[in-house]
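> sequence plus the predicted model coming up.
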Amino acid sequence: MKKIMALVIVGLVSFCGLQAAAIPFNFDTTNIQTWQNLPQESLFYPDDLDQSQELMNWFGPIGPGPLWGFANYILAQSFTPTKNLLTKIELMVGRNSTTTYDITVAIRDDLNGSDLSSKSLPSSEIIVENFSWAEFDIPDLMVTPGDTYYIVVSTVNVTNNWYVWGFYTNGSIYPNGTVYYSIDDEATWEEEPGGDTTFRTYGTDATLLNLSITGGIGVSVSAKNDGLINADNVKTEISIQGGILGLINISAEDNTSLLLPTESLVTKTQPLGLGPMTIVATTRADNAEEVTKNQDALILLFFVIIR
């Protein structure tokens, strides 16, 4: 944390010499060192806590703030999951009273790569001039246990729009990752090996769903659990459109609370008409990635031919 610490210390020294009218808040009442760590509301988490580092004695900047010369900081914390479905991220964060833009969390498997999943929270959901856990309920993401992933945190580069992320500076105590930062809009990243941010990741063991579509008298969609564990709260949806003059437009759905390995949830529907049509089937579960399959077909009154 030496480089970030040095910049913040320089900012604090400069900050003390500024007039109140030139800064976004009153230093006497808004010294970040006086911000408290407020308790989190009691929440129910069906997912398992996977990776975490919960100690904090400093902070890392996010966005362009006066304490660090208005450099636009983007922070990243690497981590190594043990669950193969990543479901939620929590960060110990706070914001300045002038902050109005969202804070965004992205998950990547390469710092310079594309986002695999992301979630933004409006500034109104982040506590002002204190610290508290903020929940980022990202779209569920299949990950590979043992591989390295990155929590990348940013906001809009607008003057006086900034957040701070809890940080522990007495050495890197989280053994499965480290901290990186960028001040040039991610053109380059610098490693900060001297500490870790304050974070939690949640996940669950995942299973694998596969879809198959068959014809005959009507349409049958089979969602099979091809994984090694139970699939929870499985839901299948079917949409069929087409036929002469586009007269076919039907949908169907089915669900089950538990689907054992090798078992299938079969959903059936009976279109009527003539001509080509398109079948779109989707299945999902609480602990499996969503699967969608598109299938062209031909219908002769009630008999469906899969192409």
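The structure has been received and is ready for your questions. The structure presented is a predicted model; accordingly, all values stated were derived computationally and were not measured.
> output the below-cut-off pLDDT ranges for the stretch 101-250 of the chain.
Low-confidence segments of the stretch 101-250 of the chain (pLDDT under 70): none present.
> residue boundaries of the helices in the protein?
Taking DSSP state H, the helices of the chain run over residues 2-16.
> how is it divided into domains?
When the chain is parsed with automatic domain parsing, its domains come out as 2-38+48-204, 209-306.
> rebuild these as JSON lines, extending it with mean neighbour count.
Using the backbone N, CA and C atoms, a C-beta is placed for each residue, glycine as well. Below are the domains of the chain laid out as JSON lines (neighbours: other CB atoms under 10 Å):
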{"stretch": "domain 2-38+48-204", "mean neighbour count": "18"}
{"stretch": "domain 209-306", "mean neighbour count": "17"}
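> my read: residue 272 touches residue 301, true?
Yes. Applying CB atoms under 8 Å, one finds residue 272 in contact with residue 301, separated by 6.6 Å.
> any shared contact partners between the two?
Overlap of the contact sets of residue 272 and residue 301 (by CB atoms under 8 Å, 6 or more residues apart in numbering) is empty.
> pLDDT of stretch 85-98, averaged?
In this model, stretch 85-98 carries a mean pLDDT of 95.
> could you list the alpha-carbon positions for stretch 262-274 in CSV?
What follows is stretch 262-274, C-alpha atoms only, in CSV (Å, rounded to 0.1, in the frame of the first residue of the first chain):
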residue,chain,number,x,y,z
THR,A,262,-29.4,-37.7,-13.9
GLU,A,263,-33.1,-36.8,-13.4
SER,A,264,-35.0,-34.6,-16.0
LEU,A,265,-37.8,-32.1,-15.8
VAL,A,266,-39.9,-32.6,-18.9
THR,A,267,-42.2,-29.8,-20.1
LYS,A,268,-44.7,-30.4,-22.8
THR,A,269,-46.9,-28.2,-24.9
GLN,A,270,-49.1,-28.7,-28.0
PRO,A,271,-49.0,-26.1,-30.8
LEU,A,272,-51.5,-26.3,-33.6
GLY,A,273,-51.0,-24.9,-37.2
LEU,A,274,-49.1,-25.3,-40.4
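> list the residues that contact residue 147.
Shown in contact with residue 147 (CB under 8 Å, 6+ apart): 80-81, 109.
> now, among those residues, which is nearest to residue 74?
Within the contacts of residue 147, proximity to residue 74 (CB to CB) peaks at residue 109, which comes in at 17.1 Å.
> what's the nearest residue to that closest one if we skip its chain neighbours?
Distance criterion CB to CB, 6 or more residues apart in numbering; nearest residue to residue 109, sequence neighbours excluded, is residue 149 at 5.5 Å.
> likewise for residue 304?
Counting by CB to CB, 6+ apart, the nearest residue to residue 304 once its immediate chain neighbours are dropped is residue 215, at 3.6 Å.
> so who does residue 122 touch?
Residue 122 makes contact with residue 102, according to CB under 8 Å, 6+ apart.
> tell me the spacing between it and residue 303.
Look at residue 122 and residue 303: by CB to CB, to the nearest Å, they are 53 Å apart.
> thought residue 238 was touching residue 252?
Yes. Proximity of residue 238 to residue 252 meets the contact threshold set by CB under 8 Å, at 4.6 Å.
> which neighbours do the two share?
In contact with both residue 238 and residue 252: 267, 269, using CB under 8 Å, 6+ apart.
> next up, phi/psi of the most centrally placed residue in the chain, please.
Centroid-nearest residue in the chain: residue 138, 2.7 Å away (criterion: CA atoms, centre = their mean). Backbone torsions of residue 138, given as degrees, to the nearest 10, read phi -70, psi 160.
> before we move on, what about the one 10 residues further on?
Comment: the main-chain dihedrals of residue 148 come out as phi -90, psi 130, following degrees, to the nearest 10.
> which residues touch it?
When contacts are counted by CB under 8 Å, 6+ apart, residue 148 touches 78-80, 109, 177.
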